[in-house]
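> Give the three-dimensional model of this entry:
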Amino acid sequence: MVDPAVRSVLADAVDLARAALDELGDGGVGAYLGVTREDECSATHRFASELPGYRGWQWAVVVAAAPDSDRVTVSELVLLPGPDALVAPAWVPWSERIRPGDLGPGDLLAPAPDDVRLVPGYMLSGDPEVDETALEIGLGRKQVMSLEGRLEAAQRWFDSEYGPDSEMAKAAPSSCRLCGFYLPLAGSLRAAFGVCGNEFAADGHVVHAEYGCGAHSDTTLPTGAGSPIYEAFDDSAVEVVEVGPAGSAPAESATTEVVSTEVVSTEVVSTEVVSTESTPTDSTDELAPESSAPESSAPESSAPESSASEPSASESEQTD
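Next up, the predicted model:
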């Protein structure tokens, strides 16, 4: 693009401008973009930059020629950002870049000399308690919060996560105004704000009087809430207790194993108790008639624990 206001001798110096960039030795000189007028004696030729990391930037070469002269010289070469170049944001003073939470241990942050949030301590601040205290001691603090400062703070606290419109407040059973952990502020802000004193809630934070949470002092748990007092009863567990050695109990009690179960069922007992019909008897029992060896007088040592049952019907026929 050629500016029609550029003198022809300056507009025709494209090769001179490119040669100056080549002589610079940085490389990355791309396509010619055009010339623009600076004044009657100078103009700027622009070339696309192909340097890595400088996408959208442009090489600018300023050429000059005296009035009524056909001799052009190079005045300046510079790499400038184009309309689509990636550049840093506009510089902002540090005092305007500070945000809440930036202040750290040891940092100093003085208020601006004309900070509207502060007024001299000898002036009426608009807060009855502050003004009354200052009058009582005869001086008061050097500076106190102005009405504007208190209104800004109140609006900031109202819009915070501890304000009345937060999700926590909407789901709360009651408000902080009625909570025993609510510590109201002094002065004109007392009507709307206080500090939470519950370590399990918003402890140490300024909260709105209409804020609330589940840790309200009047909160009661619904009936049946919590964990059961006793452990759940498991009816699938069976504990088998081993019988002691022979001789420690009467022979009659040795005919069965003691089975301790949490739930007694006929199916479980039938699998754990030794059946009297399926257990083989000792050979001595086969020779002795049933009447000659009553169960109450049979010695425990003559029959093992598993053979102390009565003879079956087939065994009685063999004895007869």
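> Average pLDDT for stretch 7-24, rounded please.
The pLDDT scores in stretch 7-24 average 88.
> in it, what counts as buried?
By neighbour count with 16 or more other C-beta atoms under 10 Å, stretch 7-24 contains the buried residues Arg7, Leu10, Ala11, Ala13, Val14, Ala17, Arg18, Ala20, Leu21. C-beta coordinates here come from the backbone N, C-alpha and C atoms, glycine included.
> Now do the strands in the stretch 51-200 of the chain.
57-64, 73-81, 118-120, 143-145, 182-184, 193-196 (DSSP state E, counting those that start in this stretch).
> Mind giving me the packing neighbours of the fourth one?
Okay, so that is strand 143-145. When contacts are defined as 3 or more C-beta pairs under 8 Å, 6 or more residues apart in numbering; DSSP states H and E, strand 143-145 sits against strand 118-120.
> Over to the last one?
Judged by 3+ C-beta pairs under 8 Å, 6+ apart, the packing partners of strand 193-196 are strand 182-184, strand 206-208.
> coming back round to it: from the buried residues of stretch 7-24, which ones fall inside helices?
Counted as lying in helices by DSSP state H, out of the buried residues of stretch 7-24, are Leu10, Ala11, Val14, Ala17, Arg18, Ala20, Leu21.
> ok, back up a step: export the helices and strands packed on strand 193-196 to CSV and append columns for distance to Arg150.
Below are the helices and strands packed on strand 193-196 laid out as CSV (distance: least, C-beta to C-beta, whole Å):
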stretch, distance to Arg150
strand 182-184, 15
strand 206-208, 12
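> Of these, give the one that comes closest to Ala48.
Closest of the helices and strands packed on strand 193-196 to Ala48 is strand 206-208, at 56.8 Å (criterion: C-beta to C-beta).
> ok, the closest one: who's next to it in the sheet?
Strand pairing for strand 206-208, determined by DSSP bridges: strand 193-196 (antiparallel).
> so where's the stretch 101-250 of the chain uncertain?
121-126, 130-131, 133-141, 221-238, 240, 247-250 (pLDDT under 70).
> now the helices: where do they sit in it?
For the stretch 101-250 of the chain, the helices defined by DSSP state H, counting those that start in this stretch occupy 128-137, 147-158, 167-170.
> from those, which stretch is densest packed?
Per-stretch averages of neighbours, counted by mean count of other C-beta atoms under 10 Å, single out helix 147-158 among those, with a mean of 15.
> can you list contacts of that one?
If you take C-beta atoms under 8 Å, 6 or more residues apart in numbering as the criterion, helix 147-158 is touched by 116-118, 125-127, 145, 163-164, 188-189, 192-193, 206-208.
> Max pairwise distance over these: which two?
The largest separation in those, counting by C-beta to C-beta, is between Leu118 and Pro164 at 27.9 Å.
> Does Trp57 touch Asp84 like I think?
No - look at Trp57 against Asp84 with C-beta atoms under 8 Å: they stay out of range, at 9.3 Å.
> more neighbours, those two?
The residue with more neighbours, out of Trp57 and Asp84, is Trp57; 21 against 8, by other C-beta atoms under 10 Å.
> Could you measure from that one over to Asp15?
Separation of Trp57 from Asp15 (C-beta to C-beta, to the nearest Å) stands at 22 Å.
> what does Ala112 give?
Going from Ala112 to Asp15 by C-beta to C-beta gives 56 Å.
> what are the bridge partners for Val206, then?
Applying DSSP bridges to Val206 gives these bridge partners: Val195.
> that older thread, make TSV out of the buried residues of stretch 7-24 and add distance to Asp102.
Output for the buried residues of stretch 7-24, formatted as TSV (distance: C-beta to C-beta, whole Å):
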residue	distance to Asp102
Arg7	54
Leu10	51
Ala11	52
Ala13	52
Val14	51
Ala17	47
Arg18	49
Ala20	47
Leu21	44
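> Closest one of the residues you listed to Arg99?
Minimum distance to Arg99 across these is 43.3 Å, recorded for Leu21 (C-beta to C-beta).
> which residues does that closest one contact?
For Leu21, the contacting residues are Val29, Phe47, Trp59, Val61, Leu77, by C-beta under 8 Å, 6+ apart.
> To Ala171, which of the strands of the stretch 51-200 of the chain lies closest?
Relative to Ala171, the nearest member of these by C-beta to C-beta is strand 193-196, separated by 16.5 Å.
> Dump the C-alpha coordinates for the closest one into CSV.
The C-alpha coordinates for strand 193-196 follow below in CSV (Å, rounded to 0.1, in the frame of the first residue of the first chain):
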residue,chain,number,x,y,z
PHE,A,193,-22.8,-7.3,60.5
GLY,A,194,-20.9,-9.4,63.1
VAL,A,195,-18.1,-11.9,63.4
CYS,A,196,-18.6,-15.7,63.6
